[in-house]
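Peer 1: Provided below for reference: sequence and predicted model.
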Amino acid sequence: MKKYPPIIPQMPHMLHGGDYNPDQWRAMKDTIWKEDMRLAKLAGCNAMSIGIFSWVALEPEEGRYDFSWMDEVMDMLAENGMVAVLATPSGARPAWMSQKYPEVLRVQENRVRNLHGGRHNHCLTSPVYREKVTAINTALAQRYKDHPALGMWHVSNEYGGECHCPLCQERFRAYLQKKYGTLDALNQAYWSAFWSKTYTDWSQLESPSSHGERSMHALVLDWKRFTTEQFVDFMNCETAPLRAITPDKKITTNLMGTYPGINYFRLGDAMDVASWDCYPLWRNNMDDALVASRHGFLHDLCRGIKDGRPYMMMESSPSATNWQPVCKLRRPGGHKLYSLQAIAHGSDTVQYFQFRKSRGSFEKFHGAVVDHEGSENTRVFREVASVGEALKKLDDVRGTIVPADVAVVYDWENRWAIDESKGMLQENNYEETVVSHYRAFWKRGIACDIIDETKDLSRYKVVVAPMLYMLRAGIAEKVEAFVKAGGTFVASYMTGYVDDTDLCFLGGFPGPLKETLGIWCEEIDALYPDERNALTYQGKRYEVRDLCEIVHLRGAESLGSYEEDFYAGMPAVTVNHYGAGKAYFIAARTEQAFLDDFYRAIEAESALTPVLDCELPEGCSATRRTDGETDTIFVMNFSPIGRMLDIGEGGTDLETGKELSGIIELPARGVRIFARKK
Ligand code: GLA
Ligand code: ZN
């Protein structure tokens, strides 16, 4: 095993910095820009993301570029030993463009064209928009290709939304025509005889809309797939000049966790490095363990987008986040812990939105490294500087991986299908369910990769795939081969219902996984929010809620059964010994305690190794990064009280340089990082 090379080769350290908008301060540049450099160095920053929303400053009139200010900023960064994560500005565009070319404006689902304003408000198909983006990206790449500060590319910003304009409709039709070939094939796949929806001409196909066609699930799924392809295609259009002119510079675009509008595993194909913007809703009390485990999942998901390569936490707030319902301050110490949580899960960066708080407009109260007050004498600045200090000690961790024997499946297309499914519950809560399974491993300090249906399973000991409702072609066969070869597979209620165009499997659920799981699911009962059933597993009773699938054994054995209602006594947890492996099925949505105990048994029989050989106290987590020779262990306490825990043989504390072993105290929101040779 070896390390991945640095994301930015000329900066072979953990990257620290973030969104920097000097163009907002051009009128005060003589004082502010200089002060920015002094403060950035003081905070230990080495990478600044620039130009994200600078289109009008770079091209004030059509075709007239003004790079003078950016030249100065780039020079200033280089002189101060920093690198630029240089953005392409397509996230927001100048008013002159919308005025002259209204086709660049996005059309909503109700077919009304937006006015100029906001951001992320452009058509992805518009030839004019693509031409303008290509031109400015080409100009940027030409201008800075040899500049010592150019580190990498930050393409656009948080791609999202969709456009329903006539140009996009045409493209959608072409996509469908290519996919299905004939209208007959499409009509079959869409089950369009239902409510007399059979299409008799391609021109009748339109994107879904809540005041038009929104009831045909296969159409909605295809529209979402198409929208993802639009972003992949648009990103490829944006990156073509960058790749041609600066072939050795890495490219990313910043993602938003589990944002449902784009299948990020697919968008990952268009980038070299994954990155995401991390804005947890910390409650600053005991609930933080729930928030922390959810964010452990989101960090692991980002790492999964590029198959485990170190990723970037591209944005985070060093304090309050102004769009959250309650703009809570980060508690003392919290900033360092939450920043290092990213590193602990495989990020090679801690970056912020933003460096200097803007003076006006929408984000003037968003947390920033430098506040309106303007100096280093703030609590937040000191917290940021402490992260800068900590990161300097982690040079050897940069590029290392997070090894995992467990994969948890989170699949965007499956989520779309569940969200549209119209049955069981109106809110079937796929994401929350996946996170609750993940949480059982997080609490034990057992690393998980987050993958989608399409990824390779063979490298894992255990694959957990809750609510795998949609089984696209070939997936069931892959799971079957994995189990036959000795893997452990865990499935749950709502598995194997539909194929990739949302047609139900005939012949019994879980469709093509019936044999592997050794069961037949005859019916599924939904419970009111306050209703409960229970199951007994290994002599213990656990509460179940929301969904109870009624299961018959077809080769599997029962490990636990329902306690109440007409299905009392029927199997609620099953295992099928299949080939050299095992396939488990959890038939109902259980309380967390069941998942914790169930996966504890899986841990023992699959010989999974937690990072630390001890019980992690409530609210604590542990992760490991490695280069194959040295392990770096991160122990984190997300709870608001101090915790004692036994780290066993321990290692060298990377912050203090001292040896650390045995029982240690982790203060409230404390984090310790130690390294040891394997
Ligand atoms: C997003 C955007 C940033 C900024 C932050 C504020 O992540 O990418 O430009 O608006 O939100 O939290
Ligand atoms: Zn459009």
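Peer 2: Perfect, I can see it now. Not measured: the values here are computed from a predicted model. Ligands and ions are numbered 1, 2, ... in the order given.

Peer 1: CA only for contacts and neighbour counts going forward, please
Peer 2: Fine.

Peer 1: Ser49: which element?
Peer 2: Ser49 belongs to strand 47-50 when assigned by DSSP states H and E.

Peer 1: who does that strand touch, helix- and strand-wise?
Peer 2: Strand 47-50 is packed against strand 15-20, strand 83-87, with contacts defined by 3 or more CA pairs under 8 Å, 6 or more residues apart in numbering; DSSP states H and E.

Peer 1: can you count the residues close to the residue of the stretch 551-678 of the chain found nearest ligand 1?
Peer 2: Closest residue of the stretch 551-678 of the chain to ligand 1, CA to the nearest ligand atom: Phe638 (21.8 Å). Neighbourhood size, Phe638 [other CA atoms under 10 Å]: 32.

Peer 1: which residues touch it?
Peer 2: Going by CA atoms under 8 Å, 6 or more residues apart in numbering, Phe638 touches Asp288, Ala289, Ala292, Leu337, Gly619, Cys620, Ser621, Ala668, Arg669, Gly670.

Peer 1: between those, which is nearest Lys34?
Peer 2: Leu337 (30.0 Å; CA to CA).

Peer 1: I figured Thr258 hits His299, correct?
Peer 2: No. Assessed by CA atoms under 8 Å, Thr258 is found out of contact with His299, at 10.5 Å.

Peer 1: settle it for me: which of these two has more neighbours?
Peer 2: A count of neighbours by other CA under 10 Å puts His299 above the other of Thr258 and His299, at 28 against 16.

Peer 1: contacts only, for the more buried one.
Peer 2: With contact set as CA under 8 Å, 6+ apart, His299 has these partners: Ala342, His345, Gly346, Ser347.

Peer 1: pLDDT value on the second one, please?
Peer 2: His345 is assigned 98 on the pLDDT scale.

Peer 1: do the first one as well
Peer 2: Reading off the confidence values, Ala342 has pLDDT 98.

Peer 1: can you count the residues close to it?
Peer 2: Neighbour tally, Ala342, other CA under 10 Å: 22.

Peer 1: about what we covered before: what average pLDDT does the following helix or strand past the strand holding Ser49 get?
Peer 2: Of the helices and strands lying after strand 47-50 in sequence (DSSP H and E), the nearest is helix 55-58. Taken as a whole, helix 55-58 has a mean pLDDT of 98.

Peer 1: hmm, back to that, need the buried ones from the contacts of His299 selected in ChimeraX.
Peer 2: Remark: buried members of those, expressed as a ChimeraX selection using 16 or more other CA atoms under 10 Å:
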select :342,345,346,347
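
Peer 1: out of the contacts of His299, the closest to ligand 2 would be?
Peer 2: Nearest to ligand 2 among these is Ser347, at 34.6 Å by CA to the ion.

Peer 1: does Met70 sit in a helix, a strand or a coil?
Peer 2: Secondary structure, DSSP: H, G, I helix; E, B strand; the rest coil: Met70 is helix.

Peer 1: okay, now it: neighbour count?
Peer 2: By the other CA under 10 Å criterion, the neighbourhood of Met70 contains 19 residues.

Peer 1: if I look at it, how far off is Lys29?
Peer 2: Noted for Met70: a distance of 12 Å to Lys29, by CA to CA, to the nearest Å.

Peer 1: with Tyr542 instead?
Peer 2: 63 Å.

Peer 1: more neighbours: those two, which one.
Peer 2: Neighbours per residue (other CA under 10 Å) separate Tyr542 from Lys29, with Tyr542 holding more: 18 against 15.

Peer 1: pull out the buried positions in the strand or helix carrying that one.
Peer 2: Assigned by DSSP H and E, Tyr542 falls within strand 540-553. If you call a residue buried by 16+ other CA under 10 Å, then strand 540-553 has these buried ones: Tyr542, Glu543, Val544, Arg545, Asp546, Leu547, Cys548, Glu549, Ile550, Val551, His552, Leu553.

Peer 1: can you give me the domain assignment for this protein?
Peer 2: Domain assignment for the chain by automatic domain parsing gives 15-105+131-158+230-392, 406-605, 620-677.

Peer 1: go through these and name the closest to Gly118.
Peer 2: Of the domains of the chain, nearest to Gly118 by CA to CA is domain 15-105+131-158+230-392, at 7.4 Å.

Peer 1: now the terminal residues of the closest one, how far apart.
Peer 2: Termini of domain 15-105+131-158+230-392 sit 9 Å apart (CA to CA).

Peer 1: tell me where the stretch 501-650 of the chain has helices.
Peer 2: Secondary structure of the stretch 501-650 of the chain (DSSP state H, counting those that start in this stretch): helices at 514-517, 592-605.

Peer 1: right, and those - which one's nearest ligand 2?
Peer 2: helix 514-517 (42.7 Å).

Peer 1: which helices and strands sit right next to the closest one?
Peer 2: strand 571-578, strand 581-586.

Peer 1: now that helix: average pLDDT?
Peer 2: 98.

Peer 1: list of residues touching it?
Peer 2: In contact with helix 514-517 (CA under 8 Å, 6+ apart) are residues Glu480, Val483, Gly508, Trp520, Arg554, Ala556, Val575, Asn576, Tyr578, Ala583, Tyr584, Phe585.

Peer 1: which one of these is nearest to Leu221?
Peer 2: In terms of CA to CA, no member of those lies closer to Leu221 than Gly508, at 23.1 Å.

Peer 1: could you find the closest non-adjacent residue to that closest one?
Peer 2: Nearest non-adjacent residue to Gly508, counting by CA to CA, 6 or more residues apart in numbering: Trp520, 6.3 Å away.

Peer 1: same question, Phe381
Peer 2: Here the residue nearest Phe381, using CA to CA, 6+ apart, is Val369, at 5.5 Å.

Peer 1: and that neighbour, how far from ligand 1?
Peer 2: Applying CA to the nearest ligand atom, to the nearest Å, the value for Val369 to ligand 1 is 13 Å.

Peer 1: wait, doesn't that residue sit right on Ser386?
Peer 2: No. Using CA under 8 Å, Val369 is not in contact with Ser386; the gap is 11.9 Å.

Peer 1: which of the residues in the longest helix along the chain are buried?
Peer 2: The residue-count maximum for a helix in the chain (DSSP state H) belongs to helix 217-245. Within helix 217-245, the residues that count as buried by 16+ other CA under 10 Å are 217-243, 245.

Peer 1: of the residues you listed, which fall within the contact range of ligand 1?
Peer 2: Subset of those in contact with ligand 1: empty, counting by CA under 6 Å from any ligand atom.
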